Structures are given as C-alpha cells and as structure tokens.
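Engineer: Here is a sequence with its predicted model. Questions after.
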Amino acid sequence: MNKRIIYTLFYKENNFYLSRNFRLQKVGDISWLKSNFGFGETCNYIDELMIILVKPSPTLDDYQSYFNDVNQLRKKIFVPITLGGGIRNFDQAKNCFLNGADKLLLNTIFFNDQTVLDKISNVYGSQAITLMIDYNIDTVTKERTIYINSGTKPYDQLNKDLIFKMLKANCGEIIFNSIEQDGTGAGLDTGLLDLIDKTFSKPLLMMGGSGKPEHITNILKNDKVNGVVTANLFNFLGTGLEVSRNLAINSGVKLAKFEKINL
Amino acid sequence: MKTKKIGIIDYGLGNLASVVNALRYLKYNAEIISNSEDSKLYTHLILPGVDSFKKGMEELKKNSWDIVLKDYNKQGGKILGICLGMQLLFSSSEEEGVTEGLNFFEGICTKLKASTNYPIPHIGFNSVSHNGSGIWNGINKNCFLYFVHSFAIKNTHKKNKQAITKYGKEDFISFIEGDNIFGAQFHPEKSHVVGLKFLKNFIEED
C-alpha cells in the first residue's frame, strides 16, 4: 500500500513549538508561521497534517485559541487534518470535528477510559481515531515504558499484551512516539518494530527522531510501517519535505505522486 | 446562465467543514443544508458521510432525503456522494446486517479484505484509474486521491462509467457516474489540488 508522510505542529497558548524529549521550545505564533514557512505550499509534499494541543488538561480558553488558529491554517490546506491533545470526553472530541478535524488524536484516555473511544467511534467511526502511544526507552535495560499525560506519567511496560489491547480498541491506526528520540533528529527507534508481528492488523505509524531525508526513507522501507510522522520544524525550511518525499520515491518507497495541475 | 449554489447535506454524519472549506476556497456559494424541503434552492447537492451504512440510511430517511434525492435528480439536479455518501447511492450494504440503500446504482457494499501489508481500514492516498469523462477533465489518468474506509463496492453494472482502485488483492469501485449523479469513495476535499479540480469539474462540467 502507499505509505504516508505526516507533518505535525505542536501548539500551546497561541504559539507553535518545537519539541525535544517532550520539552517545548517556542518558535512563534500563527502570523510567524504563515510568514516564515509558506504553509500552503509546503503541504503539497505531505499526505496529512497533525496539529497537537500540548497541554495535559486544556481549559475552554486553551481549546478556543487552538481552534481559532487551526481554522485560519486550514483555509488553504487540502489534506486530512488530525487534531487532538488532552481529550478526555466526547464533547471535546466533537468540538475537534466541528473545527475541521478529519481524525482525532487520543492518548491518555485510551488507558483511563476506553468507553470514551467507543462513544466517539459510534458517531464518527473508528477510522477517525488515531491512537498515539508515547514511550521512553530505559538507557540501561532498553525496556520501553509507556507514558501518559503528555509524557509526564509512566504507565506500564510496552509489551505484546498491551499492543494486543491497542489492536482491540476502537481506533483506526496507531502511532508509536519515542520520547527518547523526540526532536533529536538522530533517527527513529527501529528496535520497537521487534515487538510488532503479523498479528498487528492496523496501520502503524512511527514518530520521533526523523531529522534527515534518509531517516524518512529508511523507516518507510520497513514493511511493518505504514507511515512516518515528523514534527521537525526545520523540515519546513526551504525544500526539506519536497526533498524527503522525492528521495523516498526514488529509493523505491511507495508514496503517492502529487500532480501540479491548474485549477 | 443559472447561478450555481451548492448544498452540502447535513444528516448528522460526517465532516462537513472540510467540504465547505474546499468549495469556498474555489469561490462557490456553498451552504450546509439539513432540511430536505430546501433542496430545490440548490443547483448541486453533495452527500458526504462517515460511519456505518445502516446509520446513514436511518438518518437520511428521518428527513425524507431518500425520496427527495430521487426527485431532485429526476428534475436534473446534480448529486455527488463522497465516501459513505457514495456507498449510500448503491442498492445495499452488508455492514451491520443487510441494509437497502438509495439504489441509484446496482451493487452491494462489502468489507474490504485485509492482506499482508494491506491493513483495514484503507487509509491514505491511492491511485484512481479513471475513465476520462468530464468530471476528470484536466486530471491525469491514475491520479492519487485520499481514502479512509473499510467497506467498498466491488461490482456494479457495466453501463455506468466507473473508476477502479486496487488495494491489496482486491479491486474496488472508487468512482461511479450516472445521469447527473456521481459517487467518489475518495475524499476530493482532502486530496490536494487534484481533488479541488475534481470538485470544480463536478460543478462546472455539463
């Protein structure tokens, strides 16, 4: 099947951020994003866009400013958009869909109350739910531990039993996001794929560590991986995403070729 | 020339915001319509939708859309069904038991089969091998459009113009065209400039 390159923006309190090992660094507000990165043009080289509200317990005001900026951005973007961050109930999810989400990103709530996933999928379908699993790697034992609440609280060891539980959940795809690799640009955690076998029946996406076009190509070459998620803002500088996409295609990765036609 | 006005049908299922956004970017007068009695105010209707076929038909019937859409089409109004909206244009579906559809086209909607490296749901851009009719004007054959679905129509009457997409070991009908009625399993509103061109052609091409 065709693989996917998904670009991610982190958002908090009217600003966009870079993330490194889940520590945020402010880069600018929406005017800055528009004037520095030619957003609509860059989106020509991605399959999907994800905009994450990075707050463990967002207030109504947090959501309001988030939706205001999302609605400005999406006016000229015609790729699927995934929204989410801090979602704990159906009404928060519904607001994301009303504000242009094609898919919803869920994380902590999967571990705390799966009935929320059931309620959302009952209205919007399970394909509209993307489950994101944040995990860290112990530098000594190399064991992987799942973290919840925006990466602040350890939950349990990432093992085959929990992966089985994820596959049974009402979601359409699963992103594995390595806190250890996040924002380092040092390459993705391919070791995680040892935990994935043929029974993994949902699209699998990998996130954390793609700093160079070669990282994107190499992870997409793996048969177990359906897509790569990159939040490296520097991929936006110049022709970063265009180069990454073309390198992957020229290296034999099955990616959609987007035409440039006149409307 | 009659002024074009596009109604996007709100029957409680689907992401209407994206379709409205795309049409307004193209500078069309696009509005969300929930009362079927208002359909005559529009030159074109778009039936979007996600979720199950069964629920989709139940919601359409609640507001008599099943009857109104037939009359609208008979009187020359153009209809485009997107994703579940396309599936609902067919005879029936096997999703959640057998449910009868709007029956504009012959065909049964069935679940896609997963195979190695082809998980279900089918999510992402995929190639659409189209027939080059007016709605495809200016779009290359085998273009890439965005899909997100688990069910699809695998067979229909050959009299209708159609396009095929391959996923794993299966072919499914990704586009169908009848008299002033069109169905797209893909999401044109989420498919870059190619999808916008498709929407524009739906509205502009006679």
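Structural biologist: Right, received. Where do you want to start?

Engineer: residues touching the residue of chain A found nearest chain B, list them.
Structural biologist: Going by Cβ to the nearest Cβ, chain B is nearest to A:Ala256 of chain A, at 3.4 Å. For every residue, glycine as well, the C-beta is placed using N, CA and C. Counting by Cβ atoms under 8 Å, 6 or more residues apart in numbering or on different chains, A:Ala256 makes contact with A:2, A:47, B:124-127, B:144.

Engineer: could you redo the last one with a cut-off of 7 Å?
Structural biologist: Taking Cβ atoms under 7 Å, 6 or more residues apart in numbering or on different chains, we find A:Ala256 in contact with A:2, A:47, B:125, B:144.

Engineer: Tabulate the residues you listed (a markdown table), appending distance to A:Lys94, secondary structure and neighbour count.
Structural biologist: Formatted as a markdown table, these follow (distance: Cβ to Cβ, whole Å; DSSP: H, G, I helix; E, B strand; the rest coil; neighbours: other Cβ atoms under 10 Å in any protein chain shown):
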| residue | distance to A:Lys94 | secondary structure | neighbour count |
| --- | --- | --- | --- |
| A:Asn2 | 30 | coil | 20 |
| A:Asp47 | 25 | coil | 26 |
| B:Phe125 | 27 | strand | 27 |
| B:Phe144 | 31 | strand | 23 |
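
Engineer: Now the two most distant members of those.
Structural biologist: A:Asp47 and B:Phe144 (9.4 Å; Cβ to Cβ).

Engineer: okay, and the common contacts of these two?
Structural biologist: Here A:Asp47 and B:Phe144 have A:256, B:125 as joint contacts, going by Cβ under 7 Å, 6+ apart.

Engineer: Quick check: bridge partners of the closest residue to B:Phe202 other than its chain neighbours?
Structural biologist: Of all residues not flanking B:Phe202 in the chain, B:Leu80 sits nearest, at 5.2 Å (Cβ to Cβ, 6 or more residues apart in numbering or on different chains). Going by DSSP bridges, B:Leu80 is paired in beta bridges with B:Ile46, B:Phe182.

Engineer: Quick one: name the residues of chain A near chain B.
Structural biologist: Counting by Cβ under 7 Å from any Cβ of the partner chain, chain A comes close to chain B at A:1-2, A:4, A:44, A:47, A:74-76, A:78-80, A:97-98, A:100, A:102, A:123-125, A:127-128, A:172-173, A:201-203, A:223, A:256-259, A:261, A:263.

Engineer: picking that back up, pretty sure the residue nearest to B:Phe202 is touching B:Phe186, no?
Structural biologist: No - applying Cβ atoms under 7 Å as the test, B:Leu80 and B:Phe186 come out as separate, 11.7 Å apart.

Engineer: Who are the packing partners of the helix or strand containing B:Leu60?
Structural biologist: Element membership for B:Leu60 (DSSP states H and E) is helix B:53-62. If you count contacts as 3 or more Cβ pairs under 7 Å, 6 or more residues apart in numbering or on different chains; DSSP states H and E, helix B:53-62 packs onto helix B:84-87, strand B:99-100.

Engineer: And the helices in the chain, which stretches?
Structural biologist: Since you didn't name a chain, this refers to chain A. Along chain A, counting by DSSP state H, helices occupy A:30-37, A:39-42, A:60-73, A:90-98, A:108-112, A:114-124, A:160-168, A:213-220, A:240-250.

Engineer: um, chain B though
Structural biologist: For chain B, the helices identified by DSSP H occupy B:16-25, B:53-62, B:65-74, B:84-87, B:192-204, in order along the chain.

Engineer: for the third one, the distance to its chain's centre please.
Structural biologist: Spelled out, that is helix B:65-74. Relative to the centre of its chain, helix B:65-74 is centred 15 Å away, using Cα atoms, centre = their mean, to the nearest Å.

Engineer: swap in the first one?
Structural biologist: Its chain's C-alpha centre and that of helix B:16-25 lie 15 Å apart, by Cα atoms, centre = their mean.

Engineer: Using CSV, list the CA coordinates for the helix or strand bottoming out on mean pLDDT in chain B.
Structural biologist: Lowest by mean pLDDT, DSSP states H and E among the helices and strands of chain B is helix B:16-25, with a mean of 92. What follows is helix B:16-25, C-alpha atoms only, in CSV (Å, rounded to 0.1, in the frame of the first residue of the first chain):
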residue,chain,number,x,y,z
LEU,B,16,-18.9,18.9,6.6
ALA,B,17,-16.4,21.6,7.5
SER,B,18,-13.7,20.3,5.1
VAL,B,19,-16.1,20.1,2.1
VAL,B,20,-17.4,23.6,2.8
ASN,B,21,-13.9,24.9,3.2
ALA,B,22,-12.8,23.4,-0.2
LEU,B,23,-15.8,24.8,-2.1
ARG,B,24,-15.4,28.3,-0.5
TYR,B,25,-11.7,28.3,-1.5
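
Engineer: Does that helix reach chain A?
Structural biologist: Yes - using Cβ under 7 Å from any Cβ, helix B:16-25 reaches chain A at B:17-18, B:21-22, B:25.

Engineer: For these, pick the one with the most neighbours.
Structural biologist: Using other Cβ atoms under 10 Å in any protein chain shown as the neighbour test, these are led by B:Ser18, with 25 neighbours.

Engineer: just the buried members of the residues of chain A next to chain B?
Structural biologist: A:1-2, A:4, A:44, A:47, A:74, A:78-80, A:97, A:100, A:102, A:123-125, A:127-128, A:172-173, A:202-203, A:256, A:258 (16 or more other Cβ atoms under 10 Å in any protein chain shown).

Engineer: Poorly predicted segments of chain A, please.
Structural biologist: For chain A, applying pLDDT under 70 flags the ranges A:37-41, A:233-237.

Engineer: Tell me how far the residue nearest to A:Asp118 when sequence neighbours are not counted lies from A:Ile249.
Structural biologist: Take A:Asp118 and drop its neighbours on the chain: the residue closest to it by Cβ to Cβ, 6+ apart is A:Asn170, 5.4 Å away. Distance, A:Asn170 to A:Ile249, by Cβ to Cβ, to the nearest Å: 34 Å.

Engineer: Looking at those two, which is more packed in?
Structural biologist: Set A:Asn170 next to A:Ile249 and count neighbours by other Cβ under 10 Å: A:Asn170 wins out with 21 against 15.

Engineer: thought the more buried one was touching A:Gly125?
Structural biologist: No - counting by Cβ under 7 Å, A:Asn170 stays clear of A:Gly125, with 9.0 Å between them.

Engineer: what about chain B, any weak spots by pLDDT?
Structural biologist: B:1-2.

Engineer: and the closest residue in space to A:Val116 that isn't next to it in sequence, what is it in contact with?
Structural biologist: Excluding its sequence neighbours, the residue lying closest to A:Val116 (Cβ to Cβ, 6+ apart) is A:Ile109, at 5.1 Å. Applying Cβ under 7 Å, 6+ apart to A:Ile109 gives the contacts A:87-88, A:116.

Engineer: Let's see that with 10 Å instead.
Structural biologist: For A:Ile109, the contact set (Cβ atoms under 10 Å, 6 or more residues apart in numbering or on different chains) comprises A:84, A:86-89, A:92-93, A:115-117, A:120, A:131, A:148.

Engineer: among those, which ones are buried?
Structural biologist: For those, a neighbour count by 16+ other Cβ under 10 Å gives the buried set as A:84, A:86-88, A:92-93, A:116-117, A:120, A:131, A:148.
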